[in-house]
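Asker: all I have is the shape, not the residue letters:
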């Protein structure tokens, strides 16, 4: 009888944990910085996908304020922003083998640096350090046509090239990605 009661208790606890996990997954869409993704496919169907969380400006000074210049930034919110490619690619002139990575950026007033980290699975604020960097590449910076409330990562596709762009506040940072 004791074994049966123990088994019932274990099953109850397991179901509560599973239910809480499902609730947390469903609640991600309700976060102030909801999940988002962007994808770019090359002509052969291979491509690059970025999953991130999209914070809101809410009237705040973003770059040079909330996001300090010259420091590694999580490039989004919540969990770390992922960069997954199923093909070997060249990002800003640097080779990136097919695989899963985490991306960070170092914003500055007139230039940005994209950091592709080999370490994955960390919380967004946990930059693992330069020893885990696969590559660091310069990004082009320009002004957006108007204010951008929601942080957004997307791709412009032209021929055999995908241009990753990150936009927020009044800033757009871009870098070209091609297949090797």
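Answerer: Thanks, I have the structure now. Just so we're clear, the structure is a prediction, and the values are computed from it rather than from any experiment. Numbering: from 1, shown residues only.

Asker: how many neighbouring residues does residue 59 have?
Answerer: Applying other C-beta atoms under 10 Å, we find 6 residues neighbouring residue 59. Bear in mind the C-beta positions are built from the backbone N, C-alpha and C, glycine included.

Asker: and the spatially most central residue of the chain, backbone torsions?
Answerer: The chain has residue 81 as the residue nearest its centroid, 2.1 Å off, counting by C-alpha atoms, centre = their mean. Dihedral pair for residue 81: phi -80, psi 130, per degrees, to the nearest 10.

Asker: so what's it closest to, chain neighbours aside?
Answerer: Among residues not flanking residue 81 along the chain, residue 52 sits closest, at 4.0 Å (C-beta to C-beta, 6 or more residues apart in numbering).

Asker: before we move on, what about residue 64?
Answerer: According to C-beta to C-beta, 6+ apart, the nearest residue to residue 64 is residue 109 (6.6 Å).

Asker: pretty sure that neighbour contacts residue 70?
Answerer: No: taking contacts as C-beta atoms under 8 Å, residue 109 lies outside contact range of residue 70: 9.4 Å.

Asker: distance of the residue nearest to residue 64 from residue 166?
Answerer: Plainly put, residue 109 is 15 Å away from residue 166 if you go by C-beta to C-beta, to the nearest Å.
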